[in-house]
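Visitor: Structure for this input, please:
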Amino acid sequence: MENSNTESIFNLTLSQKLKDDFKTASTWASITAIVAFINAAVTLFVNVSQGALFSAFLTAAISVLINIFLLNFGRKMKAGITDDNQEQINDSLNDLRLYFKITGILIIVVLVIVLLSLIVLGFAYGTK
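Guide: Okay, here's the model as predicted:
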């Protein structure tokens with residue numbers, strides 16, 4: 001017998017607890033994204049005032065673009081749960097997937113750059 005507080009979504013059961021957890025996650029995702037936007041603006045201002053224009057704009061643009069996905073997740077998930085709209089929940093989860101995918105790719109790229117830098121520095125100091 002199925003619980004009356006559940007709905008079928010993605011062939012899964014969406015209990016009231018899961019709905020509440022999704023709402024909480026969406027709230028924190030929105031807060032995190034807004035703080036990241038503020039951080040990007042402050043970092044942009046500081047770096048531009050120090051003359052690092054290219055890196056300032058690149059960093060700010062990447063941060064804003066990534067966190068748009070996180071903000072969209074929060075907004076769409078909250079609306080999807082509130083309105084019992086499966087399409088909005090699907091869209092929100094896709095935004096969250098893209099957020100983590102892009103973030104993961106950027107982390108890998110940065111780790112590779114750091115590793116290559118360490119190798120180059122190791123060879124440079126090893127030849128002296």
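Visitor: Output the lowest mean pLDDT helix or strand found in this structure.
Guide: strand 7-9 (a mean of 52; mean pLDDT, DSSP states H and E).
Visitor: report the longest helix in this structure, please.
Guide: Of all segments of type helix in the chain, defined using DSSP state H, the longest is helix 86-126.
Visitor: quick check: mean pLDDT across that helix?
Guide: Summarised as a single mean, pLDDT over helix 86-126 is 94.
Visitor: residues of stretch 89-100 that come out buried?
Guide: 89, 91-93, 95-96, 98-99 (16 or more other C-beta atoms under 10 Å). To be clear about C-beta, it is placed using only N, CA and C from the backbone, and glycine gets the same treatment.
Visitor: ok, of those residues, which one's closest to Ser63?
Guide: Closest to Ser63 out of these is Tyr99 (11.9 Å), distances taken as C-beta to C-beta.
Visitor: list the helices and strands the longest helix of the chain packs on?
Guide: Packing partners of helix 86-126 (3 or more C-beta pairs under 8 Å, 6 or more residues apart in numbering; DSSP states H and E): helix 16-49, helix 53-83.
Visitor: Let's see that with 6 Å instead.
Guide: helix 53-83 (3 or more C-beta pairs under 6 Å, 6 or more residues apart in numbering; DSSP states H and E).
Visitor: Now do the helix it packs on against helix 86-126, angle only.
Guide: 150 degrees (axes from the mean of the first three to the mean of the last three C-alpha atoms, to 10 degrees).
Visitor: what packs against helix 53-83?
Guide: helix 16-49, helix 86-126.
Visitor: ok, Thr24 to Leu65 distance?
Guide: 25 Å (C-beta to C-beta, to the nearest Å).
Visitor: typo on my end, it should be Ile31
Guide: Taken as C-beta to C-beta, the span from Ile31 to Leu65 is 19 Å.
Visitor: Show me what counts as buried in stretch 105-119.
Guide: Under 16+ other C-beta under 10 Å, stretch 105-119 has no buried positions.
Visitor: got a list of contacts for stretch 49-64?
Guide: 36, 40, 44, 47-48 (C-beta atoms under 6 Å, 6 or more residues apart in numbering).
Visitor: Many thanks, have a good one.
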